[in-house]
Each structure stands twice: as C-alpha cells, then as structure tokens.
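**Student:** predicted structure and sequence below. I'll ask about it afterward.
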Amino acid sequence: MTWRVDVITLFPEAIGGYASTSVLGRARERGSWALRTFDPREATDDVHRTVDDTPYGGGAGMVLLADPIVRTVEAHPDLVRPLIALTPSGRPFDDAWARELATGPGVTLLCGRYEGFDQRALDLVADEEMSVGDFVLAGGELAALCVIEAVVRLLPGALGNDASPAEETFADGLLEYPQYTKPATYRGREVPEVLRSGDHAAIARWRRAQALARTLERRPDLIARRGGLRDEERRLLAAHGLLAGLDTNG
Ligand code: ADE
C-alpha cells in the first residue's frame, strides 16, 4: 500500500525537490509513498495574494492568516489524516511517533512561516501540533522533510530491505553500537577484535554492551525512561569493562 503525504506549504518546490532525491526519491519511484503539495497562496483572492499580517497586540514579525489555510483544507476534503501542524510548541517528534505514522494511511503536514499561525487556523484544522526539536526554524518545511524521511525509511520495502529499521538506534530505546568497515587497520586504529572473530554470539553481546554504555554516557534520559539498568545489563557492561566511571543510577 502506498503511504500518502500531503504537505500544505508556501514553498512547495522546497518539499518537492528534496522528496525527489536519494532514499526518498527512490522509494517514491517504487511506489512506497506518494506526495502532494498544496500552496495556501492559491486560496487567496486579493491581488497581492496575501498570506500573512501583523500580530494583534503588537510584537515583531508576521503571522500567517487563518483564512488561506482553512480554505486550503476545506477545498481538499481528501487530505489524508491526521493533519499535523509543525510548530516549535508541538509534541516532540520521536521514533515511536514515526512508527505510529508508518502504520497508518499517511499524514498531512501543515508548514508555518514567519512568526507562526493565527491560533484559529490551528484550532479549526489541525489534529495535533508537532515539534522536531527545541530550536526555532524559519519555517516548517525542514521539519516536514524530517518527518517524511524518518517515516518513509520505516515503510516495508522502502529501503530495498525489510530487516534493518527494526534493530537500529531507538528501536529498543538505545543508541546504536559503533560500526566499522574495511580496512581492519586505519591510521593505526584497529577494528575491535571481536568483530573479526566470527563468533556471532560474542559479537551480539559486544554490540549490546556498547549500545548500553553509549546510551548511559550520552543519553542517560533514555536509560531512565526504560526503567534504569537491569542486573543482566549491569553484568554485561562489567564483563566488557564498561561499568567503571559510568553513572548507573539512572
Ligand atoms: N517550525 C519552526 N520551528 C519548528 C520546530 N522546531 N519543529 C517543528 N516545526 C517548526
């Protein structure tokens, strides 16, 4: 089944350009997903095709008018749901949300520009608001592309293989273990011996220990979220000499 993405944006060419390249472009050619874009400027009828105005109450910048957005949504009753508005004030996007979207029919992404949306546009048309991080972009387009790419690579067959997304970073709440490829020695740095041993059980244990140690060091919040370290995980880290010096209280 084709996963559908509808994007409401004042810059459809920015979305269409990136969506035609690399992984996204190939997956689209294969029919894994389909893109439509809708420009709210098309839903204006003044000569200047105005889409924004100054904020009531004063302050810097311009605010997107409600009407072009509401009319765009009304003119296209077949927009796929949910309709998610991209704003820095939304619920944080993560791997779990990407997986949830990947199991549905698709998503409509509403991109802002300027200082934001007239609140009534969000109240009238958006099912939810989403943020891609605690920083402010000049518009929602890059955020929309993040969402599209994160979901499309989870779709069956989109990457040309079905196995990998399940076991990578975040699938089990951990960061990924370090990866190596040829040559075995590069600028005096060796690939860890165990990875060349052919002992698949030992390799799996080493990778899991590395993933745990990395996550403890870089993202203790992720360890805390899964309820701290289990005894078996503590033993695994100790067996690989990775327990000392790490904060394992999380
Ligand atoms: N628009 C501007 N900044 C954003 C962010 N951090 N996430 C989603 N949409 C945005």
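**Tutor:** Yep, that arrived.
**Student:** what bits of the chain have low per-residue confidence?
**Tutor:** Low-confidence segments of the chain (pLDDT under 70): 161-169, 245-250.
**Student:** distance from the chain centre to the lengthiest strand in it, please.
**Tutor:** Ranked by number of residues, the top strand in the chain under DSSP state E is strand 83-92. Computed by Cα atoms, centre = their mean, to the nearest Å, the separation of strand 83-92 from the middle of its chain amounts to 12 Å.
**Student:** helices or strands up against it?
**Tutor:** Applying 3 or more Cβ pairs under 8 Å, 6 or more residues apart in numbering; DSSP states H and E, we find strand 83-92 packed against strand 106-111, helix 119-125, strand 128-131, helix 141-152. From N, CA and C alone the C-beta is placed, and that goes for glycine too.
**Student:** may I see these organised as TSV, with distance to the ligand added?
**Tutor:** Output for those, formatted as TSV (distance: least, Cβ to the nearest ligand atom, whole Å):
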stretch	distance to the ligand
strand 106-111	8
helix 119-125	12
strand 128-131	4
helix 141-152	4
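**Student:** and among these, the most buried is which?
**Tutor:** Ranked by mean neighbour count, the helices and strands packed on strand 83-92 are led by strand 106-111 with a mean of 25 (mean count of other Cβ atoms under 10 Å).
**Student:** confirm Glu115 sits in a helix?
**Tutor:** No. Applying DSSP: H, G, I helix; E, B strand; the rest coil, one finds Glu115 to be coil, outside a helix.
**Student:** residues near the closest residue to it other than its chain neighbours, how many?
**Tutor:** Among residues not flanking Glu115 along the chain, Gly61 sits closest, at 3.5 Å (Cβ to Cβ, 6 or more residues apart in numbering). By other Cβ atoms under 10 Å, the residues close to Gly61 number 11.
**Student:** mind putting the helices and strands packed on strand 83-92 into JSON lines with distance to Pro55?
**Tutor:** As requested, the helices and strands packed on strand 83-92 are arranged in JSON lines below (distance: least, Cβ to Cβ, whole Å):
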{"stretch": "strand 106-111", "distance to Pro55": "19"}
{"stretch": "helix 119-125", "distance to Pro55": "11"}
{"stretch": "strand 128-131", "distance to Pro55": "18"}
{"stretch": "helix 141-152", "distance to Pro55": "22"}
